[in-house]
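A.B. asks: Need coordinates for the below:
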Amino acid sequence: MSAEQMTSLVQRKARTGSEAHAARAMSLARALRLSAAQQADQLMGLPLSALSVTRRQIGSEDVEDCLVANWLMLLMDGAGGQVATVLLDAALVEGLIQQQTMGKVRPAVEGAEPRKHTATDAALCAPYIENVLMRASKLPEEEADRDLLNGYRFGVWAQDTQQAKLAMDAPTYNVVEMTVDLAAGARAGKIMLVMPEPARIAPVSDQDDEEQSQPAQGEKLTHNVMQLHAELTIALSRLKMPIQKVSELKVGDVLNLQVSSMAQALVLDANGRALSRGTLGQVDGMRAVQVEQQKSKQHTQPRRRASDRADLDLPDVTAPVEDGFDAQIPAEDASIPSVSEVDIFGDMDDLPVMPDMDEASKAADEQVLDWEMNQKAAQDDDVSSTQKQAGW
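C.D. replies: Predicted structure coming up:
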C-alpha cells in the first residue's frame, strides 16, 4: 500500500469517526429540537416536532430586519440586564392557543388574515417558551451554547417593533430560526430566537478584591457626598423696582443697596429661595460666608411622649387611687347624703289631680274662642272711634 493510499485511508477513518461523534454530540440545534418537543408534550399534550433549525449572527443594526410586525414578540429578561426577543408567527400562536383552550389543533384557514395579538396570547405562549429555553440551556456540550440560552425569563409583551427595538441594545445577536410541525401536520409554524451574545465577566483578582473591600461603607458615602456639586448664591440685599425704572437705568446710575452690615447676607438656592443667613467675609484671600446655624426645633414641637412629662410641670392624673374614689370622702361627714338616698321625684302624693284629656281640650278651645271674640270686639271699637273722628 502506497503512502497516498495510507493517507486516504486514515482520512476516511478520521472523517467517519468525527461524523459519528457529531451525530452523538448535543449541539444547540439538537437541544432546541428535543426541548421544544418535550415541553409541548408535557405542558399541553401537543405533538410537536422541529423540522429545521438554522443559526446566524447579526449586528445591532440588523435587529430591526428580524422583527416582524404581525408576529407575537416576547421580550425575555436575562442575566446582567440583557434582553432577548422571541418571535412566534400567527400560525404557531393560534395552534398553541387552540391546544390549551380546546385540546385540539385545527388546520389553518387559507387566505384568512391574521388577527392582532393581545396580552392574553402572550400570557398563554410565554410559559412554553420559558420552559423550552430553560430545558435547552442545560443540554449543549459547548459552554457558549449553554450561556446563550441560560437564565431567560418572560418580561413583557412588545406590542410593536419599535418597543422591541428600543429594549435590545446589545452589539451582537444570534438569530435561531425553528420551523415546527404541530399535531402531525395539522399546521406548521415558526419560532425565531434573537438572543444577545452572552456577556463575558472578567475574573476578579485577589488584589482587586482587597482594593474593593478596603473602603468602608461610611467612607464611600462620605466620598460620594463630598463630590456632589451644589450651586448657592449669596445676596447682600434685595431691591424691588418697577420694570419701567429698570429699563431707564444707564451706565453710571447708582443704586442704594441699604447694606449696613455684612452679617445679613442671604444664602439662595438655584431657584432664588432663601435657605439661610450668613456673614460675608474672606478666608486666605478668598471670599467666604459663615452660615448661621438654624435654631433647634426641640422646643417648638409638641411633646407627647411620656419622657417629656417631667419638663412640662403638669399634674399627675395617672396616679392610682389606693382605697377607691369613695375613700376620698370623709365617712364622718353626714351632711353629704348618699346617691342612693336622694329622692329626685319628691312627694308624689302632693301633686294636684290632673283633669281628663278630653275635658282639658274643650276648656282650652273655649278659652281660645273667648279670646278671639274679645279681640274682634276691640277691633270694632277702634274702627268706630276712627270714623267718628273723621266725621263720617
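A.B. asks: Which positions in the helix ranked longest in the chain come out as buried?
C.D. replies: Secondary structure of the chain per DSSP state H: the longest helix is helix 357-390. When burial is assessed from 16 or more other C-beta atoms under 10 Å, helix 357-390 yields no buried residues. (Each C-beta comes from the backbone N, C-alpha and C, glycine too.)
A.B. asks: what does stretch 178-187 give?
C.D. replies: Residues of stretch 178-187 classed as buried under the neighbour-count rule (16+ other C-beta under 10 Å) are 178-183, 186-187.
A.B. asks: next one: stretch 81-98
C.D. replies: Within stretch 81-98, the residues that qualify as buried by neighbour count (16+ other C-beta under 10 Å) are 82-96, 98.
A.B. asks: Pick out the most distant pair among these.
C.D. replies: 82 and 98 (32.6 Å; C-beta to C-beta).
A.B. asks: where exactly do the helices run in the chain?
C.D. replies: Here the chain has its helices, by DSSP H, at 3-24, 28-44, 63-66, 90-101, 119-136, 143-149, 161-167, 206-213, 217-226, 243-247, 357-390.
A.B. asks: Average pLDDT for the last one, rounded please.
C.D. replies: Summarised as a single mean, pLDDT over helix 357-390 is 74.
A.B. asks: now do the second one
C.D. replies: Model confidence over helix 28-44 averages 93 on the pLDDT scale.
A.B. asks: cool, the first one as well?
C.D. replies: When pLDDT is averaged along helix 3-24, the result is 61.
A.B. asks: just to revisit the earlier point, going by distance to residue 62, which of the buried residues of stretch 81-98 wins?
C.D. replies: Each of the buried residues of stretch 81-98 was checked against residue 62 using C-beta to C-beta; the closest is residue 85, at 13.1 Å.
A.B. asks: Excluding sequence neighbours, find me the nearest residue to that closest one.
C.D. replies: Computed as C-beta to C-beta, 6 or more residues apart in numbering, the closest residue to residue 85 that is not its neighbour in sequence is residue 194, at 4.5 Å.
A.B. asks: can you pull the contacts of that neighbour?
C.D. replies: Taking C-beta atoms under 8 Å, 6 or more residues apart in numbering as the definition of contact, the neighbours of residue 194 are 63, 66-67, 84-87, 168, 173-175.
A.B. asks: swap the cut-off to 6 Å and go again
C.D. replies: 66, 85, 173, 175 (C-beta atoms under 6 Å, 6 or more residues apart in numbering).
A.B. asks: what's around residue 39, how many residues?
C.D. replies: As a burial measure, residue 39 scores 22 neighbours (other C-beta atoms under 10 Å).
A.B. asks: Disregarding flanking residues, what is the spatial nearest neighbour of it?
C.D. replies: Counting by C-beta to C-beta, 6+ apart, residue 39 lies nearest to residue 131, which is 4.5 Å off, once chain neighbours are set aside.
A.B. asks: shouldn't that neighbour be in contact with residue 38?
C.D. replies: No - using C-beta atoms under 6 Å, residue 131 is not in contact with residue 38, being 8.9 Å away.
A.B. asks: where are the low-confidence patches of the protein?
C.D. replies: For the chain, the stretches flagged by pLDDT under 70 are 1-24, 200-221, 225, 294-355, 383-392.
A.B. asks: Please parse it into its domains.
C.D. replies: Structural domains of the chain, as assigned by automatic domain parsing, span the residue ranges 20-196, 229-238+262-286.
A.B. asks: so which of the ones you listed is the most packed in?
C.D. replies: domain 20-196 (a mean of 17; mean count of other C-beta atoms under 10 Å).
A.B. asks: if we can go back for a sec, quick check: the residue nearest to residue 85 vs residue 229, distance?
C.D. replies: Using C-beta to C-beta, to the nearest Å, one gets 41 Å for the distance from residue 194 to residue 229.
A.B. asks: Please apply the same query to residue 356.
C.D. replies: As defined by C-beta to C-beta, residue 356 lies at a distance of 98 Å from residue 229.
A.B. asks: do residue 144 as well
C.D. replies: Here the distance between residue 144 and residue 229 works out to 44 Å (C-beta to C-beta).
A.B. asks: Nearest to residue 292, out of the domains of the chain?
C.D. replies: Judged by C-beta to C-beta, the one of these that comes nearest to residue 292 is domain 229-238+262-286, at 5.1 Å.
A.B. asks: Endpoints of the closest one, how far apart?
C.D. replies: 19 Å (C-alpha to C-alpha, to the nearest Å).
A.B. asks: Check stretch 234-253 too.
C.D. replies: From its first residue to its last, stretch 234-253 covers 23 Å (C-alpha to C-alpha).
A.B. asks: for stretch 38-49, same thing?
C.D. replies: 9 Å.
A.B. asks: Same check on stretch 143-156?
C.D. replies: As for stretch 143-156, its first-to-last residue distance stands at 28 Å under the measure C-alpha to C-alpha.
A.B. asks: Other residues contacting that stretch?
C.D. replies: For stretch 143-156, contacts defined as C-beta under 6 Å, 6+ apart pick out 28, 75-79, 84, 126, 130, 133, 136-137, 140, 174, 195, 198.
A.B. asks: Closest one of these to residue 377?
C.D. replies: Looking at the contacts of stretch 143-156 and their distance to residue 377, the nearest is residue 126, at 101.5 Å (C-beta to C-beta).
A.B. asks: tell me the contacts of that closest one?
C.D. replies: Counting by C-beta under 6 Å, 6+ apart, residue 126 makes contact with 74, 154.
A.B. asks: do residue 257 as well
C.D. replies: If a contact means C-beta under 6 Å, 6+ apart, then residue 257 has residue 237 as its contacts.
A.B. asks: mind redoing it with 7 Å?
C.D. replies: 236-237 (C-beta atoms under 7 Å, 6 or more residues apart in numbering).
A.B. asks: what separates it from residue 264, distance-wise?
C.D. replies: Taking C-beta to C-beta as the measure, residue 257 falls 11 Å from residue 264.
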